[in-house]
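> build me a model:
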Amino acid sequence: MDLLGSGAYGQGWVQVGELGLAFALSALIGLEREIRQKAAGLRTLTIVGFASALFMLISKYGFSDVTGPGVSQDPSRVAAQVVSGLGFIGGGLVFVRRDAVRGLTTAAVVWLTAAVGMAAGAGLPLLAGLVTAGHFVILFLFTPLARRLSQRLPGIHQVQLTYRDGEGVLRRALSVCTSRGFAVRQLSTAAPEQDRGRQDDAATGPRQVAVLLTVEGRGAATDLAAWLADVDGVLAVTAADVDEEAD
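All right, here's what the predicted structure looks like:
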């Protein structure tokens, strides 16, 4: 039986088009996240938006056969549950590690994708398209703007330093950090893998120590790494910015 041609309430070509729009816009958002290798990528966001559109259509048309005298119908109740349910998914994407909150942007994108799917399912294609376009404006235009603004504020960097032990290298390295305007927030030490289980003797040479520093300052992480690499006794330096609200 041709359901689309039979005039079944809520199952016409209009609804198929709304589902198709939700699928296309959600996949577009997911493709961007997949390219950037984020936790919620093409498949996840396409499913979220596509399913949200279907839930919206169910909320609008799925209970028409049970309405009648004494039976009230609230088309918004299923849609409201979609919004609440996506909160649990978004909450599972957010985690805290070393006082840094990660996954907030990804969780927000999942929520936005659900809204796009719901708008498409509600028969609001213009709004769905505008919000999708706004997503790309936020990520591609606001991201460099936010980085430029953040350069004027103290940033947090993680520096891994490998040096020869017993020569006062760590003391000199910390002195370089403070003299360059960086405050050390956290320090942890561990022997490098190649030195674990080894004895310090003439055959093996001086013991190497790896230190992980979390510093805060206005300078760039690459500049700090270059300054520390010039410290006598430093064998290797790697540095990276820490985004406290990374996506």
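> residues in contact with stretch 83-93: which ones?
Outside of stretch 83-93, the residues within contact range by CB atoms under 8 Å, 6 or more residues apart in numbering are 39-40, 48, 52, 103, 106-108, 110-111, 114. To be clear about C-beta, it is placed using only N, CA and C from the backbone, and glycine gets the same treatment.
> go with 6 Å
Stretch 83-93 is contacted from outside by 39, 103, 106-107, 110-111, 114, using CB atoms under 6 Å, 6 or more residues apart in numbering.
> tell me the one of those nearest T214?
Taking CB to CB as the measure, T214 lies nearest G103 of the contacts of stretch 83-93, at 19.5 Å.
> can you pick the most crowded of the contacts of stretch 83-93?
When neighbours are counted by other CB atoms under 10 Å, A114 leads the contacts of stretch 83-93 with 28 neighbours.
> name the residues of the helix or strand hosting it that are buried.
Here A114, judged by DSSP states H and E, is contained in helix 104-121. Judged by neighbour count (16 or more other CB atoms under 10 Å), helix 104-121 contains these buried residues: 104-110, 112-121.
> cool, and stretch 158-177?
Of all the residues in stretch 158-177, those buried under the rule 16+ other CB under 10 Å are 158-159, 161-165, 169-170, 173-174, 177.
> nearest to T132 among those?
Proximity of the buried residues of stretch 158-177 to T132 (CB to CB) peaks at Q158, which lies at 34.7 Å.
> for R218, phi and psi?
The phi/psi pair for R218 (degrees, to the nearest 10) reads phi -90, psi -10.
> any idea how far it is from G129?
Distance, R218 to G129, by CB to CB, to the nearest Å: 41 Å.
> now do V215
V215 is 44 Å from G129, by CB to CB.
> and if you look at I58?
When I58 is compared with G129 (using CB to CB), they lie 23 Å apart.
> so V211 sits right up against Q160, yeah?
No: using CB atoms under 6 Å, V211 is not in contact with Q160, being 7.2 Å away.
> neighbour-wise, which of R218 and G129 wins?
G129 (16 against 12).
> secondary structure class for Q160?
Three-state call for Q160 (DSSP: H, G, I helix; E, B strand; the rest coil): strand.
> so which other helices or strands are in contact with the helix or strand containing I29?
For I29, the enclosing helix or strand under DSSP H and E is helix 13-35. Using 3 or more CB pairs under 6 Å, 6 or more residues apart in numbering; DSSP states H and E as the contact criterion, the neighbours of helix 13-35 among helices and strands are helix 42-61, helix 104-121, helix 125-137.
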